[in-house]
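**Student:** using only what follows, build the 3D model:
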Amino acid sequence: MNLAEQIEREYNEVKENKTDKIIQAKSQNIDSLIDTYARWLGFRETMRFRDGILVYPANFHQTYSKYLLAFHELQKKKRIHTPSEITLFSMSLKQFENDFYFNKSGSFLQALINRHYAFCKKKKIKTDEYVLMLENLEKNLDHVGYNNNGACVRIMGNCGLNLGEDLQKGELILQGNCGDQVGKNMLGGKITIFGNAGTNVGTHMHLGEIHLQGAYDSIADVPFLINQYYNYGNRKPKIFHKGIQIYPMIDQVNT
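**Tutor:** Purely as a prediction, here's the structure:
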């Protein structure tokens, strides 16, 4: 072995050891994140039964309350999780599928993304696409992309109800199917769905765009809330199906 080969070998060994340390540290971060998620998922302080029927806890009844609780639990750790850690964490969710509140985990994922995105924006750091790997799940998550405030999020797999609810800015790209009320209360940004969507697409949608590449069951009565209570001037929410604008129709735009 000549000197050049020896140097190259030593360099590769150091590189591999550094990589191992990075993987080990990342694994520890994921384990810590899973513990935080399990605590959030198991929050039952106000759970109660009335006449034998489960009454939802007040702080889990509304999506925003669940989102705030997730944000609060994550802040306790004082760590901003990276996009790769968020992706790895999303791949570990299957072990919690039997939990009663599992389907509400979309708000937790978005709290993770929003914290990282806000940190990068403050530090003027360019962010890449966030990827959620949900293909291994049998139960779909609701509220994926909830209150997204500028991040580009790609979702591999299917989602449940209210994809992109309260979307502010940014983009959601769903490679699979989703349930009802896509873009509920959407205030801006863009949602693209390559699979099929359920009923009432664009429920109470204020602004932004929804692009449907697959089949859909129905479009919501979008203009009601907009026309009755808000004034956005000439700006309107737009819904497209396979590249063709289906809301508002061209004759509606001109009236």
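
**Student:** parallel or antiparallel, list what pairs with the longest strand anywhere in the chain.
**Tutor:** With secondary structure taken from DSSP state E, the chain has its longest strand at strand 149-156. If you go by DSSP bridges, strand 149-156 pairs up with strand 130-133 (parallel), strand 169-174 (parallel).

**Student:** got a markdown table for those, with distance to residue 149 too?
**Tutor:** (Each C-beta comes from the backbone N, C-alpha and C, glycine too.) Formatted as a markdown table, the strands paired with strand 149-156 follow (distance: least, Cβ to Cβ, whole Å):
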| stretch | distance to residue 149 |
| --- | --- |
| strand 130-133 | 12 |
| strand 169-174 | 6 |
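
**Student:** so the nearest residue in space to residue 111 that is not next to it in sequence, which of the three states?
**Tutor:** In this structure, residue 111 finds its nearest non-sequential neighbour in residue 70, 3.9 Å apart by Cβ to Cβ, 6 or more residues apart in numbering. The local conformation at residue 70, judged by DSSP: H, G, I helix; E, B strand; the rest coil, is helix.

**Student:** right, and residue 77 touches residue 34 too?
**Tutor:** No. Under the criterion of Cβ atoms under 8 Å, residue 77 lies out of contact with residue 34, with a separation of 11.8 Å.

**Student:** contacting residues around the nearest residue to residue 194 once chain neighbours are set aside?
**Tutor:** Once flanking residues are discounted, residue 194 sits nearest to residue 213: 4.7 Å by Cβ to Cβ, 6+ apart. By Cβ atoms under 8 Å, 6 or more residues apart in numbering, the contact set of residue 213 is 192-195, 242.

**Student:** just these: which are in strands?
**Tutor:** Using DSSP E, the subset of the contacts of residue 213 located in strands is 192-193.

**Student:** of the contacts of residue 213, which is the most crowded?
**Tutor:** residue 193 (26 neighbours; other Cβ atoms under 10 Å).
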